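Colleague: Pasting a predicted model and its sequence here:
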Amino acid sequence: MAGYFFHVFNDEKTHDDEGQVFADLAGAIARAEKDCIALALESIAEHRHLIMRHHIDIEDSKGRGVATVSFGDVITVSA
């Protein structure tokens with residue numbers, strides 16, 4: 001089990017000081033993907049816009065950046 005921190009970069013920057021524990025990095029990435037989808041839906045509902053480059057940076061317990069998940073990674077827009 002390892003601790004990961006999720007720093008959100010969307011219309012506001014939110015630094016995660018608490019973190020969460022996951023079995024591995026794949027679990028942390030899956031959580032960030034779900035959070036990106038929820039944040040994207042919130043942005044559309046509240047602001048009527050979506051910026052695909054908004055993202056969540058994942059940091060390990062040693063302060064190293066280990067992954068980034070952007071809205072564009074988890075959302076497909078079709079016409």
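Modeller: Perfect, I can see it now.
Colleague: For the closest residue to residue 20 other than its chain neighbours, grab the count of nearby residues.
Modeller: Of all residues not flanking residue 20 in the chain, residue 4 sits nearest, at 6.1 Å (C-beta to C-beta, 6 or more residues apart in numbering). Placement of C-beta: from N, CA and C, glycine included. Neighbourhood size, residue 4 [other C-beta atoms under 10 Å]: 22.
Colleague: Pull the contacting residues for residue 4.
Modeller: 19-22, 25, 28, 58-61, 66 (C-beta atoms under 8 Å, 6 or more residues apart in numbering).
Colleague: Compare these and tell me which is most surrounded.
Modeller: Neighbours here mean other C-beta under 10 Å. Within the contacts of residue 4, the largest count is held by residue 28, at 26 neighbours.
Colleague: how about the helices in the protein?
Modeller: Assigned by DSSP state H, the chain shows helices spanning 25-47, 71-74.
Colleague: Of the ones you listed, which is nearest residue 10?
Modeller: Closest of the helices of the chain to residue 10 is helix 25-47, at 5.7 Å (criterion: C-beta to C-beta).
Colleague: what separates the closest one from the chain centre, distance-wise?
Modeller: Relative to its parent chain, helix 25-47 has a centroid offset of 6 Å by C-alpha atoms, centre = their mean, to the nearest Å.
Colleague: Can you mark which positions in it are buried?
Modeller: 28-29, 31-32, 36, 39-40, 43 (16 or more other C-beta atoms under 10 Å).
Colleague: Could you pick out the longest strand of this structure?
Modeller: Determined from DSSP state E, the single longest strand within the chain is strand 2-9.
Colleague: Neighbouring strands - and their directions - for it?
Modeller: When pairing is defined by DSSP bridges, strand 2-9 lines up against strand 13-14 (antiparallel), strand 20-22 (antiparallel), strand 55-60 (antiparallel).
Colleague: Pull up the gap between the residue nearest to residue 20 and residue 25, please.
Modeller: 7 Å (C-beta to C-beta, to the nearest Å).
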